[in-house]
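**Q** okay, here's the prediction I keep looking at, along with the sequence it came from:
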Amino acid sequence: MLEVADINLTDWEFWRRPHDQRHEAFKALRWHPELVRFEEPDIVIAPQGPGYYALTRHADVVEASRRPQDFCSGRGAISIPDMPGDMHEYFGSMISMDDPRHAKIRRIVSRAFSPRMIQRFEDRVEAVAAEIVGNVAAGGGTGDFVADVAARLPLKIICDMMGIAEDQYQTVLDATNVILAGNDAEFVPSGDPEQLALALLNAGETLRGLVEELGRRRREDPTDDLTSALVNAEVGSGGEIGQGGESLTDQELGSFFILLVVAGNETTRNAIAHGLDLFTRNPDQRALLTEDFEGRVAGAVEEIVRYVSPVIWMRRTATRDTTLNGHEINEGDKLVLYYWSANRDESVFTDPERFDILRDPNPHVGFGGPGPHFCLGAHLARREITVMFRELLAKVPAIKAGEPDRLESNFINGIKRLPYTV
């Protein structure tokens, strides 16, 4: 096992290592009796902070998630460095808010997702997935699975949900690629922090401007899309809908849309891409799923999300001096919740390195830990992954993945391209 002293989660070289070497490092951190503190990255756009503790054990990630009053999201954003105010505003939204503002935004968004709207888009998922896989079946037998399949479904569903025109899809996709590019030189200027900050701000401004303009039009001429529901909803403090309540401002709508397309598009597409890669590398698990798809697909989806952990970490900040499972924590301490590590915790998951669609129980934290920041879109993500693999295994059951081209990121476990053959 690696020595803890030889591990540096801040160093980009660590994140360029193969996955199995990274998992060995996180195993060493999980077994270390104390929380390990790391230096923060030294970047131009934000002052270097005091460092952060890496929460790598399942119990610690879950406990910190359950206690938002002690470990908050709203101090300096959810990134490791404290972001400048303008970037915090662009990329903040609910994910880096605390109550009562977080409760207000989440309440408005939850009410906008009416049962009728949810059912309409669940039906839409089936139609879009069938069209995508139909094109694969009728194609030349090879291609890039990310571009042809995995990226298409969540992007179209989210844009349709918000009322974004089809000629804007590529703009949305390009901007989300930049926002979650990490250190990948294909999408962002690598090695130039000022240019990186500018690229991120431009991408955020593109998305925010697009949806704010749409929101202004929907206030004047509402339709039945989610944008209309969000900008025209008025929700009282008790959750009731009526006059004189709360609605999203233009800025709140823009930040919510950035969160929606980033979290709902990038993470779901990576789960789908990783899923094909996993079923290609584990033909026994593909056979199990094919034998009883409807009976086993729910477990398969959960295991994909556990094994992949599309979002690697989130940050919290201690609001007071406290303890976390026996560890002393001081007010202002930064805690980075490594979902990627918690989902391989040997004390919770038997043989965690094995991809096992029959795993039960499977208390993974791939959608975040319990508490107010559990992923609002988890239901839709599960639906999209389920429907896509139902279509794939029915129409192109012999589809196989080649070697993935992975995103260079310490935040998103991403696949940029994945060759496939049918």
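**A** Structure's in. What do you need?
**Q** please report how far the closest residue to N362 other than its chain neighbours lies from D356.
**A** Using Cβ to Cβ, 6 or more residues apart in numbering and skipping the chain neighbours, the partner closest in space to N362 is E302 (4.8 Å). Placement of C-beta: from N, CA and C, glycine included. Distance of E302 to D356, given as Cβ to Cβ, to the nearest Å: 11 Å.
**Q** and if you look at A401?
**A** 19 Å.
**Q** do the same with D82
**A** 40 Å.
**Q** does F374 really touch G368, like I thought?
**A** Yes. Between F374 and G368 a contact is recorded at 4.9 Å, counting by Cβ atoms under 8 Å.
**Q** phi, psi of F374?
**A** F374 adopts backbone torsions of phi -60, psi 140, taken as degrees, to the nearest 10.
**Q** in stretch 313-322, what counts as buried?
**A** W313, M314, R315, R316, T317, A318, T319, T322 (16 or more other Cβ atoms under 10 Å).
**Q** which other residues reach the helix or strand harbouring the third one?
**A** Here R315 sits within strand 313-318, counting by DSSP states H and E. Contacts to strand 313-318, defined as Cβ atoms under 8 Å, 6 or more residues apart in numbering, come from residues 52, 64, 70-73, 75-80, 95, 329-340, 368, 373, 410-411.
**Q** where do the strands sit along the stretch 1-150 of the chain?
**A** With DSSP state E, counting those that start in this stretch, the ranges of strands along the stretch 1-150 of the chain come out as 36-38, 52-55, 71-72, 142-144.
**Q** ditto for the stretch 301-422 of the chain
**A** 313-318, 322-324, 327-329, 334-338, 400-401, 405-406, 415-417, 419-421.
**Q** show the average pLDDT along the second one.
**A** Right, strand 322-324. Strand 322-324 shows a mean pLDDT of 98.
**Q** quick one: distance of that strand to the chain centre.
**A** Put simply, strand 322-324 sits 27 Å off its chain's centre (Cα atoms, centre = their mean, to the nearest Å).
**Q** picking up where we left off before, quick one: closest of the strands of the stretch 1-150 of the chain to H364.
**A** strand 52-55 (15.3 Å; Cβ to Cβ).
**Q** if we can go back for a sec, and the contacts of strand 313-318, which are buried?
**A** 52, 64, 70-73, 75-80, 95, 329, 333-340, 368, 373, 410-411.
**Q** doesn't P363 make contact with the residue nearest to N362?
**A** No. With contact defined as Cβ under 8 Å, E302 does not count as touching P363 (9.4 Å).
**Q** who's more crowded, those two?
**A** E302 (21 against 14; other Cβ atoms under 10 Å).
**Q** how about the contacts made by that one?
**A** Applying Cβ under 8 Å, 6+ apart to E302 gives the contacts R359, N362, H364, G366.
**Q** who touches both of F374 and G368?
**A** S65.
**Q** pick the most deeply packed of the strands of the stretch 1-150 of the chain.
**A** Ranked by mean neighbour count, these are led by strand 52-55 with a mean of 26 (mean count of other Cβ atoms under 10 Å).
**Q** list of residues touching that strand?
**A** 9, 29, 35-38, 40, 61, 64, 80, 315, 324, 329, 333-338, 341-342.
**Q** next one: stretch 133-147
**A** 148-149, 269, 273, 276, 388, 391-392, 395-396, 399, 401, 415-422.
**Q** flag every buried residue along it.
**A** Buried residues in stretch 133-147 (16+ other Cβ under 10 Å): V133, V136, G143, D144, F145, V146.
**Q** counting by contacts, list what the lengthiest helix in the chain packs against.
**A** For the chain, the longest helix by residue count, based on DSSP state H, is helix 193-220. Counting contacts by 3 or more Cβ pairs under 8 Å, 6 or more residues apart in numbering; DSSP states H and E, helix 193-220 packs against helix 85-91, helix 169-179, helix 226-232, helix 250-261.
**Q** in TSV: these, plus mean pLDDT.
**A** Converted to TSV, the helices and strands packed on helix 193-220 look like this (pLDDT from 0 to 100):
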stretch	mean pLDDT
helix 85-91	59
helix 169-179	90
helix 226-232	86
helix 250-261	82
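**Q** compare those and report which one is nearest to A287.
**A** Nearest to A287, of these and by Cβ to Cβ, is helix 169-179 at 33.8 Å.
**Q** got any ranges where the stretch 201-350 of the chain has weak pLDDT?
**A** 233-247 (pLDDT under 70).
**Q** run through who's touching stretch 320-333.
**A** For stretch 320-333, using Cβ under 8 Å, 6+ apart, the contacting residues are 34-35, 50, 52-53, 55, 57, 59-60, 63-64, 70-71, 317-319, 335.
**Q** change it to 6 Å
**A** L35, A59, D60, E63, D70, A318 (Cβ atoms under 6 Å, 6 or more residues apart in numbering).
**Q** where in the stretch 1-150 of the chain is pLDDT low?
**A** 1, 43-46, 76-78, 84-96, 112-114.
**Q** could you pull out the helices in the stretch 1-150 of the chain for me?
**A** Assigned by DSSP state H, counting those that start in this stretch, the helices in the stretch 1-150 of the chain fall at 12-15, 19-31, 58-66, 85-91, 101-112, 115-138, 145.
**Q** so which of the contacts of stretch 320-333 comes closest to N183?
**A** Nearest member of those to N183, counting by Cβ to Cβ, is L35, at 25.3 Å.
**Q** now do the contacts for that closest one.
**A** Contacts of L35 by Cβ under 6 Å, 6+ apart are Y53, H327.
**Q** how about it, phi and psi?
**A** Per degrees, to the nearest 10, the backbone of L35 is at phi -70, psi 140.
**Q** please apply the same query to the one 5 residues further on.
**A** The phi and psi values for E40, taken as degrees, to the nearest 10, are phi -80, psi 160.
**Q** might one say that it is in contact with S79?
**A** No. Contact between E40 and S79 fails when scored by Cβ atoms under 6 Å: they sit 10.0 Å apart.
**Q** how about the helices of the stretch 1-150 of the chain in CSV, adding distance to S347?
**A** Formatted as CSV, the helices of the stretch 1-150 of the chain follow (distance: least, Cβ to Cβ, whole Å):
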stretch, distance to S347
helix 12-15, 24
helix 19-31, 8
helix 58-66, 7
helix 85-91, 34
helix 101-112, 31
helix 115-138, 36
helix 145, 35
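**Q** deepest in the core, which of those helices is it.
**A** helix 145 comes out most buried of the helices of the stretch 1-150 of the chain by mean count of other Cβ under 10 Å, with a mean of 27.
**Q** re earlier: let's have the buried residues of stretch 313-322 in CSV, adding distance to F293.
**A** Below are the buried residues of stretch 313-322 laid out as CSV (distance: Cβ to Cβ, whole Å):
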residue, distance to F293
W313, 33
M314, 33
R315, 38
R316, 38
T317, 43
A318, 45
T319, 46
T322, 46
